[in-house]
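[1] build me a model from this:
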Amino acid sequence: MKPGQFRMFRSSIAGVEAVAAETGYSFPKHTHDQFGIGVIERGAQVSLSGRGVVRAETGDVITLNPNEVHDGMPIGESRVWSMLYFDPRLMTDLLGDIGEGGTGEGELPSPVIRNGQIAARFRTLFSTVTRQDGQDAALRRDGLLLSLVADVMREQGHAEAGANAPAAIMRARDLIDDDPAASVTLADLAGVSGLSRFQLLRGFAKVTGLTPHAYLLQRRIQRARRLIAGGMPLAEAAFASGFADQSHMTRIFVRNFGVSPRIYADTTR
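    Purely as a prediction, here's the structure:
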């Protein structure tokens, strides 16, 4: 893989996306609407996570939760990683199978895991997911998948989860989540939350890690990703997601995911 390259693989599991990257790119704060589990294959990085700022080095397992604000900066010139991204519905099923999460809601508890056995299991699963093997592949693959998630769930992080978000901010967030493509103003968000515009702006950033506008863009690009994966033409996906045009969507897409919407579409369809 050439430096600065992102590569998406065809996945043999519905609801799982496989990505490998070698890059010195520093990602700005952003979110995914998927769970993520991966391994730093070479180099190191420092990143914001749901547990604060963390450092991941060669051989470390890295994880993320849906809508968890994070960034990522290389330590040195670049780093290499492989990632599997899981649709939340698939993760709910997996957590139910392994007895975690109770109601089907779960959270990967540690953003960085230093465990060589888990890293090895991830690499085996990644290789299996990105190959088209024979009739017994699904049985082996599903066993690896359940074992990996179970191992990651058992690795409790050293930092505690943050406090529950205030209900007022959650009402504002829900207004965006209900229809990310809709036009919304700070006054709209303040009105539904019962806060002043300044209180809303300050509280929203404290709770989510993003300004309301940045959060809106994240929800829009996540919708666009799903629509593109479903086969919608790029220009239509941009419009349906609330972007001014396709070029605006493309800029946000590349900034978030490291690949263009066209490459993503060609890989996932």
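[2] make it CA atoms for all contacts and neighbour counts henceforth
    Will do.
[3] which residues in the stretch 1-150 of the chain form strands?
    Along the stretch 1-150 of the chain, counting by DSSP state E, counting those that start in this stretch, strands occupy 5-9, 16-23, 27-30, 35-42, 44-49, 52-57, 61-64, 70-74, 79-86, 112-113.
[4] minimum distance to residue 182: which of those strands has it?
    Of all these, it is strand 27-30 that lies closest to residue 182, at 20.1 Å by C-alpha to C-alpha.
[5] CA atoms only for that closest one, dumped as CSV, please.
    Extracted C-alpha coordinates of strand 27-30, given in CSV (Å, rounded to 0.1, in the frame of the first residue of the first chain):
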residue,chain,number,x,y,z
PHE,A,27,-8.3,13.8,11.0
PRO,A,28,-10.4,16.7,12.4
LYS,A,29,-13.0,16.0,15.0
HIS,A,30,-15.7,13.8,13.5
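[6] circling back: tell me which of the strands of the stretch 1-150 of the chain sits most buried.
    strand 61-64 (a mean of 24; mean count of other C-alpha atoms under 10 Å).
[7] and the one residue sitting closest to the centre of the chain, backbone torsions?
    Closest to where the C-alpha atoms of the chain average out (C-alpha atoms, centre = their mean) is residue 32, at 3.1 Å. Main-chain dihedrals, residue 32, degrees, to the nearest 10: phi -120, psi 160.
[8] let me know whether it touches residue 63 as I believe.
    No. Counting by C-alpha atoms under 8 Å, residue 63 is not a contact partner of residue 32; they are 11.6 Å apart.
[9] low-confidence ranges in this protein?
    By pLDDT under 70, the low-scoring segments of the chain are 1-4, 100-105, 132-136, 156-165.
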